[in-house]
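K.L.:
Requesting a structural model of the entry that follows:
(2 chains)
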Amino acid sequence: MNKIEKVVRKLINFYGKDEAFPECSYLYGQKSVGKSLCIEKFLKEAKDYLQTVIIYADEIYTKNILFEIIINKFNEHVLCEENSYESYAKIDCMEDFLNELSALSSDKSYLIIIEKAEKMRDMDLNILQIFMKLQEFTGLNISCLFVSHLAFEKFGVEDMLKIYVPDYNKNDITEIFMTKYEDIHERIRVKIEDSNINDNMTQLEAFESMNEEFFKNYLNLFLNVFYKACRDLKELTFLLEKCYSSYYSPVLSGEIKANDVTNLWRHVSKHLKTSLNTIYMRVENDATNEFKNNENAEDGFEIEKKQSSIKSFAQTLELPFYAKYLLIASFLASHNDAKSDKKLFMKNHGKERRRRQQTKLSDKMNVQFGPKSFSIDRLLAIFYAILDEKVGLTCNLLSQISTLVDLNFLTYVSGENNIMEGTARLQSTIGLDFAINIGKLVGFNVKQYLVDFH
Amino acid sequence: MDSINSISKGTFLFANGMDLKQLKRQKPSSFRNEEYSQEWCNSFQKVWKMIEAKIERIQSESYERTLSSLLTYIRDANTNDPNLQTAVLLTGVNQIDHFKQLDLLSQKISNNCFSMVSILKSRDCSNNIKYTIESLVGGLIYGHVNNDDSENIHLKLKKKQLTLSVLEAWYHNRFGSAEHKPKLVIILADFEQFPTNILQDFVSILCSYSSRLPLVLIIGLATAFKTLHSVLPFHITNKISVNIFQAESSSSMLNRILDEVILTHHCPFFLSGKSFKILLDIFLFYDYSLQSFIQGFKVFMLEQYSTNFFTSIYTIGSVYTGMFEKITHEDCEWLRRNCLSFRRYVEAHEDPQTRIDLITNDEKLKQFIPKKSCRALRFYFQFFCCLRMLAVLIEDLPRNNLGKQLRELYPICAETDITKLEEFQNCFKLLRFTSKDKFLAKLDKIIKILNEYISDEILHENLRNNFTCVWDKLLNYRVKIFEAGMTPTKSPGESNGSTITQSTAKINTKGIIGRHEMLQKLKESAMNQPTKIVVEYERLLCKCLDYIYEVFERHLIPLTKGPVLTEIFLFSDCNSVRRHIVGAPRSSIHNALVNPHHYLQCKCCAVKENEQILSTMPDISVAYKLHLECNKFINLFDWLQSFSMVIENNNDEEENISPEIQAKFTRSVAELQFLGFIKQAKQKTDHVMRLTW
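P.N.:
Coordinates of the predicted model:
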């Protein structure tokens, strides 16, 4: 914890009592390493002499909100029914804001803390720049503390004071988790007491045997399994609590003694492994964020397991029959050249020249490229070609296309507004595996109709 | 065409003379006079209300299960947790049903949990985070006011003021001192349709407020849980804690509605196999939407009630006796003409006097109807009872081509004589090999079904006796079969084994030359096996099955071949209604252009063949017909020339085309382009491209 203390000291050094503040400063460090905790502790110490406001930059979807929150806070204006929730002043532009700021009493010191400061870059150009030089504009003892997880260079602004919050190592994490011991155990106690009355006493007895040592053992096991895969404290906290119940449950039921570490390990390892699997998936598919996070419900866990593979995703997906065919048709249209349609979908397509096929072999697979766009006409033509039955072109069928668009299986590439004219172009967003699995559900071999596998 | 005198008028009314006449001829009893239409309307509404109530009950029961778990989750949600409490509700892919479900959910939440609810739909949020937040805050603040005290009604916030910080202030102002603080529930109805960037911003804003306000987020997901993670990046998902709730799939819900409402004898309205198939196909193949299924059913019902007077005589469970007197001559005629079973009945009747009476004398017919229609209703009763029994019997048979579910069996049974089908025979053959436990379980189920039917109040006395007889017999069999295993005879498995060894021993004694011969012999020996050692259980099983088969043979008759007057309760005119529930825009536009007479009903445009082009037809129709003859690219000049030839009715190519014709032509081309049939060709000048095929 002394790391946090160090950062807090630094902050106090910067923003001490009766001192001229720096124009602005930058607090950075990885996600969930305790930046907000530092600020919280610092504010506790500095609350006597400092007027502060904390802004979460991702809440600021219009600049008025930013200005009004700050002005309200500094003028100690609280929204309530008496003022019918009007803010202190109507502020529409930067100039108004600066005027209001200048009107503040110059006896006090002001600090604006902006969390998630990386979002400031997306706002109007002048905002970040002016917030960096508020002293100049207002003549107050005012400063701005930007908090972000990005390296400072990403902001592309002039240099400022920087404070770095270092990562936690394993010992830090253990230490932090140990502070949670009391909390967690208190919660368990309440839970037991609330549960049925019959075996309350035996359970409570067993609970008493779960001392700090017991928790520490669990922490060790837990971190051994997860620390390699994940260092995000929030994530670990969540997993910790989730897995703990399966660690202590045999103790409560009296199956395993609290000091029997080996048996406890044997019992919990399976559960830890399944949890690790879901975490491991994220590491694998980091870019697509497929990690199944934060599962509370027991049945939710089941569902998650079921849905983890693409195959079962395809199976659980509830789509009408023709929609499935349309989905496949869209995939085929996106991953085949329009030139090869004749060859693929018509029975009498004539002879093909040999030479062209040989040159094709060296080419890259079509499915490995991104999807190509296609027109609705082509989609329907392929749909009719792969469907054995004869179906009328009805409203219901056409509305399936827009349903698929709504479900994000298809997207409009261009001409979204002139569907009537036939120039709208669509694109399929599903992958080969998914298409194959959908094909299996309706008894259709997708590969047979892909140029690459011909 | 002469009736159109102004082109500035957008819409033209053509009195559709011919169709009206046709209507009158076909459906004499429809819309005859106001009083009458009232009658069928009343009757229809009575029946429909009952059906609707039942369906709604089933739906809300089914939602209840997911809802109750969701509600307890919301009630218990620990909003002090730094993570944003999130419930993901996996609903089906269908959006119409989806919205209805979520509206119901929001009602239930605000009624049962102490909380305020705001539903956000993507179409209300117009791709802008500002509007999204505004509608969210507005929904929470004002939605609450509506059903609560009037204290806050005078609170009028400007639209600009609807921000989360105002919400926070308002909330603490209002509930800060209260002991029970309400939860703020936010429902994202159609998660997939929100733009990704808005969702990310929105959820992360909610996350940062979740420590200050008791927020609970409910996400309606149509596809799968995976979508959530593909939309929200990790740094947002690690601030929410997710619970998943799965709603019942719409197909299983449909099964239930079919089982309990539509495929039952309760209401005097039955679908023929074909019309049922239409509805089911729309559901399975097109949209998976219960809502549209139910609406389709309603349309069928409406059609039936409006065209067929006799259906309205019966409401659920009771006869509308006053209606018999209101039967008119037209109705009788309709019955004589359209009711096949009636015709069959009359033709088969021995007494010539009754025959003549039935055909010519309305009074006699009216006396005839009540009795026979009751019997027809009874037929349906038996039919559905047997159908259900059959479904139980064959639900778990391997290689069952008939189908496992009621919805698959019904069209087959309604259209064909199922007992004559090969698949059916096969099923019964297979049934002879069921193990005792399984068969007993099946028998129990069947007895239970029978019991339900027998205890039905509206049952006619004769019928009850009839079915009680069946029930008694089956119960008898059940007891016997149950005991059969107790007796120390050989179990069926053993006996089979012994016979096989015997026969193989026999075969071995004879000399075998080839494999083919061996096969032959095996077959032979199988054919004329010496009297198989029949186990008590097997004997009883066969007997029992034979009996059930008999029952089926008697009652599972195709609906069209049922007793006299079955048709009056049966809706089979599906083709005419099909057009109403399945729209086919392209084909109807094509129809209108190729044969304008069909819609205009003018004297001048009637054509015998669709290929014919008349100069009297509307210009666009002429242009369309000419363009059908062309290939992909159409030369505008050629087209114009043939157009003028048709309109002016002369073949003189040399003559200049008058500006009037040119104007007409240009307008038709523009209209065709507007309708999406052609577009300007980029490759060739003076050409247009056909877009349809």
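K.L.:
Kindly provide the distance from B:Phe368 to B:Ser341.
P.N.:
B:Phe368 sits 13 Å away from B:Ser341, taking Cβ to Cβ, to the nearest Å as the criterion. Using the backbone N, CA and C atoms, a C-beta is placed for each residue, glycine as well.
K.L.:
before we move on, what about A:Leu426?
P.N.:
Between A:Leu426 and B:Ser341 the distance is 52 Å, computed by Cβ to Cβ.
K.L.:
and the residue in the stretch 1-150 of chain A that chain B sits nearest to, what does it touch?
P.N.:
Residue nearest to chain B within the stretch 1-150 of chain A (Cβ to the nearest Cβ): A:Leu79, separated by 3.5 Å. For A:Leu79, the contact set (Cβ atoms under 8 Å, 6 or more residues apart in numbering or on different chains) comprises A:72, A:85-87, B:165-166, B:169-170, B:173.
K.L.:
again, but for B:His627
P.N.:
Going by Cβ under 8 Å, 6+ apart, B:His627 touches B:634, B:639, B:672, B:677-678, B:690.
K.L.:
pretty sure it is in a helix, no?
P.N.:
Yes - remark: B:His627 belongs to a helix, assigned using DSSP: H, G, I helix; E, B strand; the rest coil.
K.L.:
on that earlier part again, A:Leu426 and B:Ser341: who's more crowded?
P.N.:
Using other Cβ atoms under 10 Å in any protein chain shown as the criterion, A:Leu426 and B:Ser341 rank with A:Leu426 on top: 26 against 20.
K.L.:
pLDDT below threshold where in chain B?
P.N.:
For chain B, the stretches with pLDDT under 70 are B:1-38, B:79-81, B:94-97, B:144-155, B:314-325, B:457-460, B:485-513, B:528-534, B:650-655, B:693.
K.L.:
ok, longest helix in it?
P.N.:
Of all segments of type helix in chain B, defined using DSSP state H, the longest is helix B:34-76.
K.L.:
what helices or strands is that one leaning on?
P.N.:
strand B:84-90, helix B:95-112, strand B:215-221, strand B:240-246, helix B:250-257, helix B:290-307, strand B:314-315 (3 or more Cβ pairs under 8 Å, 6 or more residues apart in numbering or on different chains; DSSP states H and E).
K.L.:
among those, which is nearest chain A?
P.N.:
Comparing the helices and strands packed on helix B:34-76 against chain A with Cβ to the nearest Cβ, the closest turns out to be strand B:240-246 (4.0 Å).
K.L.:
the strands in the stretch 301-450 of chain B, which residues?
P.N.:
For the stretch 301-450 of chain B, strands defined by DSSP state E, counting those that start in this stretch occupy the ranges B:314-315, B:318-319.
K.L.:
Dead centre of chain B: give me the residue that sits there.
P.N.:
Geometric centre of chain B, nearest residue: B:Phe293, 2.9 Å, by Cα atoms, centre = their mean.
K.L.:
Which secondary structure state does the residue lying closest to that residue once chain neighbours are set aside sit in?
P.N.:
Distances taken as Cβ to Cβ, 6 or more residues apart in numbering or on different chains put B:Phe283 closest to B:Phe293, at 4.8 Å, once the chain neighbours are dropped. Reducing the assignment at B:Phe283 to three states with three-state DSSP gives helix.
K.L.:
ok, B:Phe283 - contacts?
P.N.:
With Cβ under 8 Å, 6+ apart as the criterion, the residues that contact B:Phe283 are A:320, B:251, B:254, B:289-290, B:292-293.
K.L.:
Kindly reformat these as a markdown table containing distance to B:Asn112.
P.N.:
As requested, the contacts of B:Phe283 are exported to a markdown table (distance: Cβ to Cβ, whole Å):
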| residue | distance to B:Asn112 |
| --- | --- |
| A:Pro320 | 34 |
| B:Ser251 | 28 |
| B:Leu254 | 27 |
| B:Ser289 | 27 |
| B:Leu290 | 24 |
| B:Ser292 | 30 |
| B:Phe293 | 29 |
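K.L.:
Is B:Leu184 located within a helix, as I assumed?
P.N.:
No - the assignment for B:Leu184 (three-state DSSP) gives strand, which keeps it out of a helix.
K.L.:
just checking, it touches B:Gly139?
P.N.:
No - contact status for B:Leu184 versus B:Gly139: not in contact, 10.0 Å apart, counting by Cβ atoms under 8 Å.
K.L.:
Of those two, give the one with the bigger neighbour count.
P.N.:
Residue environment comparison for B:Leu184 versus B:Gly139 gives the larger neighbour count to B:Leu184, 25 against 21, counting by other Cβ under 10 Å.
K.L.:
beta partners of that one?
P.N.:
Beta-bridge pairing for B:Leu184 (DSSP bridges): B:Met116, B:Leu215.
K.L.:
List the contacts of the closest residue to A:Ser87 other than its chain neighbours.
P.N.:
Ranked by Cβ to Cβ, 6+ apart and with sequence neighbours excluded, the top spatial neighbour of A:Ser87 is A:Glu68, at 4.2 Å. When contacts are counted by Cβ under 8 Å, 6+ apart, A:Glu68 is found next to A:87-89, A:91, B:165.
K.L.:
Check B:Leu406 too.
P.N.:
Going by Cβ under 8 Å, 6+ apart, the list of residues near B:Leu406 reads B:255, B:258-259, B:263, B:387-388, B:391.
K.L.:
swap the cut-off to 10 Å and go again
P.N.:
For B:Leu406, the contact set (Cβ atoms under 10 Å, 6 or more residues apart in numbering or on different chains) comprises B:255, B:258-259, B:262-264, B:384, B:387-388, B:390-392, B:395, B:413.
K.L.:
just to revisit the earlier point, let's have the contacts of A:Glu68 in JSON lines, adding neighbour count, secondary structure and distance to B:Lys274.
P.N.:
Below are the contacts of A:Glu68 laid out as JSON lines (neighbours: other Cβ atoms under 10 Å in any protein chain shown; DSSP: H, G, I helix; E, B strand; the rest coil; distance: Cβ to Cβ, whole Å):
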{"residue": "A:Ser87", "neighbour count": "22", "secondary structure": "coil", "distance to B:Lys274": "67"}
{"residue": "A:Tyr88", "neighbour count": "18", "secondary structure": "coil", "distance to B:Lys274": "72"}
{"residue": "A:Ala89", "neighbour count": "16", "secondary structure": "coil", "distance to B:Lys274": "72"}
{"residue": "A:Ile91", "neighbour count": "22", "secondary structure": "coil", "distance to B:Lys274": "69"}
{"residue": "B:Ser165", "neighbour count": "19", "secondary structure": "helix", "distance to B:Lys274": "62"}
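K.L.:
Right, I'll leave it there.
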